[in-house]
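>>> Quick one, what's the 3D model for this:
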Amino acid sequence: RSPMSAIYLSALRDLGNERFLPGFYLRSSGTGHPLLWSAAKMITIIVDNYDDAIEFFVEVLGFELVDDSPSLTNDGRPKRWVVVKPPQAETGILLAQADGDHQRLAVGNQVAGRVGFFLRVDEFKTAYDGMVTAGVEFITEPRMEDYGQFAVFLDVSGNRWDLLGPVKRAFPGISLPRIEHSVTCDVHGTNNELPSIS
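Numbering: from 1, shown residues only. Prediction:
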């Protein structure tokens, strides 16, 4: 199984039970509230070339190729509908080949040079070492933060990603007590409620 176990990407047209803006696809939670969603279904990454992008995400990162089928642009020209995703992840990535000078300017710069994508893995060192061996370019060294170990890498288009390890627990291997209910005791003649810990 690929170490790429989960992807955290935020997203947002209206198509039946699905609402979206260009490049973002969300599935409704069915609650009736227009801003409550059950999952981010897909996001778009603009790439220079379909095949180069597929090779990077599938062969290098170990993503699944969900779809690669013929499609048409809005004005009827042929294109491809290419979707990849990490194994077991719910959110997919639509790899859109840049069409025209305006879109080509966005390749590798979709979020103005900031980290825009976040890939969480079960085993950070295994994933990191494998990606380095495969030739993935990391632009920071791994370091530990409160939310876990991470390092920044570049995808085939030059977009910045965080590779994120498991969330760091305050007390590894120790289960903290659970507060069940309150009990009353008398301290210096005053009733005080204290939690009952199990």
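>>> Check which helices and strands the strand of greatest length in the chain is in contact with.
For the chain, the strand with the greatest residue count under DSSP state E is strand 37-47. Using 3 or more C-beta pairs under 8 Å, 6 or more residues apart in numbering; DSSP states H and E as the contact criterion, the secondary-structure elements in contact with strand 37-47 are strand 24-28, strand 92-97. Using the backbone N, CA and C atoms, a C-beta is placed for each residue, glycine as well.
>>> Packing partners of the last one?
Same thing as strand 92-97. Packed against strand 92-97 by the contact rule (3+ C-beta pairs under 8 Å, 6+ apart) you find strand 37-47, helix 50-54, strand 78-85.
>>> mind putting those in JSON lines, mean pLDDT and distance to residue 65 included?
As requested, these are exported to JSON lines (pLDDT from 0 to 100; distance: least, C-beta to C-beta, whole Å):
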{"stretch": "strand 37-47", "mean pLDDT": "86", "distance to residue 65": "14"}
{"stretch": "helix 50-54", "mean pLDDT": "98", "distance to residue 65": "6"}
{"stretch": "strand 78-85", "mean pLDDT": "97", "distance to residue 65": "6"}
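>>> so which of these is the most packed in?
strand 37-47 (a mean of 19; mean count of other C-beta atoms under 10 Å).
>>> if I pick the closest residue to residue 49 other than its chain neighbours, what's in contact with it?
Of all residues beyond its chain neighbours, the one nearest residue 49 is residue 97 (6.4 Å), with distances taken as C-beta to C-beta, 6 or more residues apart in numbering. Contacts for residue 97 were tallied using C-beta atoms under 8 Å, 6 or more residues apart in numbering; they are 46-50, 53, 79-80.
>>> switch the cut-off to 7 Å
Contacts were defined as C-beta atoms under 7 Å, 6 or more residues apart in numbering; by that measure residue 97 touches 47, 49-50, 79.
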